[in-house]
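>>> this one's structure only:
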């Protein structure tokens with residue numbers, strides 16, 4: 001497993017650094033990637049360990065090792081998670097809101113231009129967000145001309161999660177039996193399980209920070225500078241994945257500091273690795289933001305302010321997140337089936353939160369993005385885009401605490417604690433300090449998912465306590481752990497974005513035969529009219545209605561618009577030029593644009609009505625979504641127009 005982790009870190013660092021270097025050379029294309037990555041491939045083939053064993057014996061050994069490792073139920077549940085995630089990723093296109101609003105479009109803009117560039121767009125996140133996942137995705141899109149395989153980045157990362165969790169836990173002196181059980185329990189955390197088959201970019205970085213700490217501790221034990229170099233690259237990668245991960249670099253620093261003398265064994269190589277670690281980190285995008293916006297993270301951009309002010313008072317940020325983070329992690333799976341409120345529960349909860357924000361005390365949390373709200377705007381229930389660890393793991397924490405308390409009362413928690421070095425003690429408790437830093441600065445909506453790379457380290461200070469090995473032997477505790485995993489598997493198989501059953505057939509039948517059941521009709525809406533279904537339908541509309549052969553298509557959009565990837569992947573693969581409200585209509589004609597995809601809400605927000613926009617641009621509507629339907633009254637307003645410039 002460690003060899004695979006090392007290769008993944010090298011490959012990730014190579015792809016991220018290739019993105020920046022090829023952009024600087026204006027060669028962000030297939031030829032550029034081939035020339036950049038070929039030497040790495042040759043080096044890996046030359047350096048791979050040689051074996052004289054016959055292929056048949058290698059397969060037999062691998063089969064025996066696999067059977068031994070996955071012979072028990074928790075490990076088999078992880079295999080089930082992996083299979084279900086892979087099936088979901090293969091069967092469904094990636095239609096998450098954030099990915100389609102800014103992460104996929106920015107990749108396509110860069111590839112079309114042959115370099116990273118500051119994109120002319122209303123969606124500021126295309127320019128200011130960290131680029132780690134995007135640089136891993138760019139060569140896949142170049143190679144396959146589709147976004148269908150991008151889920152493999154999260155999937156491969158998820159496969160490495162249990163091995164790294166167990167290794168880090170045991171190095172931080174969690175007893176092996178306790179580490180084994182909690183490895184599989186944490187691997188069933190909803191933020192990891194639900195994102196494994198998606199392209200959401202929160203959880204894949206957990207592999208980097210686990211590897212950074214693990215390799216730094218290995219380097220100290222084995223006096224191996226190579227492991228320390230790899231850990232440095234992994235630390236850079238975790239910050240380059242998302243700006244909210246920056247505090248995690250402190251964990252690598254704590255783990256690597258005792259091994260710092262290894263860097264001087266070969267100072268030139270160490271300097272080269274340090275430079276590459278900066279290149280794959282958050283540093284490049286921070287410098288670019290500073291150049292274009294005057295600050296390393298320009299959250300005061302008007303389009304970002306539309307989501308939330310994000311200028312948190314640190315004290316109230318900590319207090320507010322002390323409420324929001326537990327609430328998000330305690331939301332029960334399948335809550336829309338729970339009486340008495342069913343799917344109305346989040347609506348009522350959000351109303352309470354709106355009323356609370358109007359109070360003098362609640363006003364302290366107004367700078368949060370939708371303080372305390374539950375997700376019902378984009379996603380139904382718990383999904384890849386809003387899940388934390390989940391209620392199941394919270395129940396496991398409670399059950400373990402209760403069992404430990406009972407053992408303490410019975411006097412069975414005897415024996416000295418395992419002595420720990422100062423480095424290990426700091427690694428156990430530092431994550432809680434980093435959590436406070438996170439809470440003081442992060443007021444984003446549903447930020448429990450942003451904590452995915454933090455979660456494993458928050459458990460170590462507790463799991464080293466004596467008694468956990470006894471607790472994990474209790475049959476009732478083990479049954480609860482398996483029940484938690486089974487519920488996670490059911491949620492993964494029935495998630496609205498990627499259901500692994502014939503959801504369309506089932507719920508169309510339910511809609512037509514059980515029209516008197518409000519509960520069932522509500523579920524029909526969630527599965528048949530979900531946000532993912534809407535994104536897919538608009539993609540198909542754009543693909544069918546845009547004239548083939550057009551080289552450039554205009555796009556008049558708004559914040560969090562999800563239609564742009566559908567334009568890029570339309571027939572002929574046209575280039576997309578975004579048009580802002582203050583731009584002149586002549587700009588589009590100068591760029592050779594003849595057709596424009598127009599968002600109806602963007603027109604309403606900036607131009608008042610479509611007729612005014614059409615008059616200003618001298619344009620004619622040739623298609624609209626949804627299409628007019630005279631049999632439906634009242635008529636549904638169009639969401640999207642395709643117009644021709646006259």
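Received it, and whenever you're ready, just let me know what you need. Note that this is a predicted model, so its numbers are computed, not measured.
>>> so residue 576 sits right up against residue 564, yeah?
Yes. Residue 576 is within contact range of residue 564, at 6.0 Å (criterion: C-beta atoms under 8 Å). In short, each C-beta sits where N, CA and C put it, glycine included.
>>> what touches both of those two?
Listed contacts common to residue 576 and residue 564 are 105, 108, 555; contacts here mean C-beta atoms under 8 Å, 6 or more residues apart in numbering.
>>> next one: the closest residue to residue 646 other than its chain neighbours from residue 158, what distance?
The spatially closest residue to residue 646, leaving aside those adjacent along the chain, is residue 618, at 4.8 Å (C-beta to C-beta, 6 or more residues apart in numbering). Separation of residue 618 from residue 158 (C-beta to C-beta, to the nearest Å): 51 Å.
>>> again with residue 99
Shown here: residue 99 relative to residue 158, a distance of 17 Å by C-beta to C-beta.
>>> next: residue 197.
Distance from residue 197 to residue 158, by C-beta to C-beta: 9 Å.
>>> mutual contacts of those two, please.
In terms of C-beta under 8 Å, 6+ apart, residue 197 and residue 158 are both contacted by the residues residue 85.
>>> higher neighbour count, the two?
Neighbours were counted for residue 197 and for residue 158 using other C-beta atoms under 10 Å; residue 197 has more, 30 against 24.
>>> which residue packs closest to the residue most central in space within the chain, ignoring adjacent ones?
By C-alpha atoms, centre = their mean, the chain has its centre lying nearest to residue 201, at 2.4 Å. Leaving aside its sequence neighbours, residue 201 sits nearest to residue 133 (C-beta to C-beta, 6+ apart; 4.1 Å).
>>> which secondary structure element contains that neighbour?
Using DSSP states H and E, residue 133 sits within helix 132-144.
>>> flag every buried residue along that helix.
For helix 132-144, a neighbour-count test (16 or more other C-beta atoms under 10 Å) marks 132, 133, 134, 135, 136, 137, 138, 139, 140, 141, 142 as buried.
>>> is it true that the residue nearest to residue 201 touches residue 238?
No. Contact criterion C-beta under 8 Å: residue 133 and residue 238 do not qualify, at 11.9 Å.
>>> can you pull the contacts of the closest residue to residue 281 other than its chain neighbours?
Leaving aside its sequence neighbours, residue 281 sits nearest to residue 236 (C-beta to C-beta, 6+ apart; 3.8 Å). Counting by C-beta under 8 Å, 6+ apart, residue 236 makes contact with 13, 276, 277, 278, 279, 280, 281.
>>> related to what we said a few turns ago, I'd like to know how far the residue nearest to residue 646 sits from residue 599.
From residue 618 over to residue 599 (counting by C-beta to C-beta), the distance is 19 Å.
>>> can you check residue 563 too?
7 Å.
>>> any idea which helix or strand comes after the longest helix seen in the chain?
Counting by DSSP state H, the longest helix found in the chain is helix 2-24. Following helix 2-24 in sequence order, the next helix or strand is helix 30-47 (DSSP H and E).
>>> quick one: average pLDDT of the very next helix or strand once past that following helix?
Under the assignment DSSP H and E, the closest C-terminal helix or strand after helix 30-47 is helix 55-69. Averaged across helix 55-69, the pLDDT comes to 80.
>>> packing partners for the following helix or strand past helix 55-69?
Using DSSP H and E, the helix or strand that follows helix 55-69 towards the C-terminus is helix 73-91. Where contact means 3 or more C-beta pairs under 8 Å, 6 or more residues apart in numbering; DSSP states H and E, helix 73-91 is packed against helix 151-171, helix 176-187, helix 475-494.
>>> how far off centre is helix 73-91?
Taking C-alpha atoms, centre = their mean, to the nearest Å, the mean C-alpha location of helix 73-91 is offset from the chain mean by 18 Å.
>>> try stretch 494-501
Mean-position distance between stretch 494-501 and its chain equals 18 Å (C-alpha atoms, centre = their mean).
>>> ok, now stretch 139-152?
Mean-position distance between stretch 139-152 and its chain equals 17 Å (C-alpha atoms, centre = their mean).
>>> need the distance between the two termini of it.
Across stretch 139-152, the terminal residues are separated by 13 Å (C-alpha to C-alpha, to the nearest Å).
>>> please apply the same query to stretch 288-299.
Terminal residues of stretch 288-299 lie 14 Å apart, using C-alpha to C-alpha.
>>> give me the buried positions along that stretch.
So, applying 16+ other C-beta under 10 Å, buried residues of stretch 288-299: 288, 289, 293, 297, 299.
>>> between helix 132-144 and the helix or strand that contains the second one, find me the angle.
Under the criterion DSSP H and E, the helix or strand holding residue 289 is helix 283-293. An angle of 100 degrees separates the directions of helix 283-293 and helix 132-144 when computed by axes from the mean of the first three to the mean of the last three C-alpha atoms, to 10 degrees.
>>> which residues does helix 283-293 contact?
So helix 283-293 is contacted by 20, 118, 127-131, 240, 278, 295-298, 301 (C-beta under 8 Å, 6+ apart).
>>> just the buried ones from the residues you listed?
20, 127, 128, 129, 130, 131, 240, 278, 297, 301.
>>> pull the contacting residues for the residue lying closest to residue 282 once chain neighbours are set aside.
Spatially, and ignoring its direct neighbours in sequence, residue 282 is nearest to residue 239 (4.3 Å; C-beta to C-beta, 6+ apart). The contact partners of residue 239, by C-beta under 8 Å, 6+ apart, come to 130, 245, 246, 248, 249, 281, 282.
>>> same question for residue 381.
Neighbouring residues of residue 381 by C-beta under 8 Å, 6+ apart: 333, 334, 335, 336, 496, 526.
>>> shouldn't the second one be in contact with residue 491?
Spelled out, that is residue 334. Yes. Counting by C-beta under 8 Å, residue 334 does reach residue 491; the two are 7.3 Å apart.
>>> distance of the spatially closest residue to residue 562 that is not a sequence neighbour from residue 148?
Here the nearest residue to residue 562 in space, its sequence neighbours aside, is residue 100; by C-beta to C-beta, 6+ apart that works out to 3.9 Å. According to C-beta to C-beta, residue 100 and residue 148 sit 13 Å apart.
>>> in terms of neighbours, single out the busier of the two.
Each of residue 100 and residue 148 has its neighbours counted (other C-beta under 10 Å); residue 100 has more, 26 against 16.
>>> where's that one relative to residue 69, distance?
In this view, residue 100 and residue 69 are 37 Å apart by C-beta to C-beta.
>>> one step back: of all the helices and strands packed on helix 73-91, which lies closest to residue 264?
Checking those against residue 264 by C-beta to C-beta gives helix 151-171 as the closest, at 24.1 Å.
>>> what angle do the closest one and helix 176-187 make?
150 degrees.
>>> could you list every helix and strand in contact with helix 151-171?
By 3+ C-beta pairs under 8 Å, 6+ apart, helix 151-171 packs against helix 2-24, helix 73-91, helix 132-144, helix 176-187, helix 190-193, helix 206-222, helix 455-458, helix 460-463.
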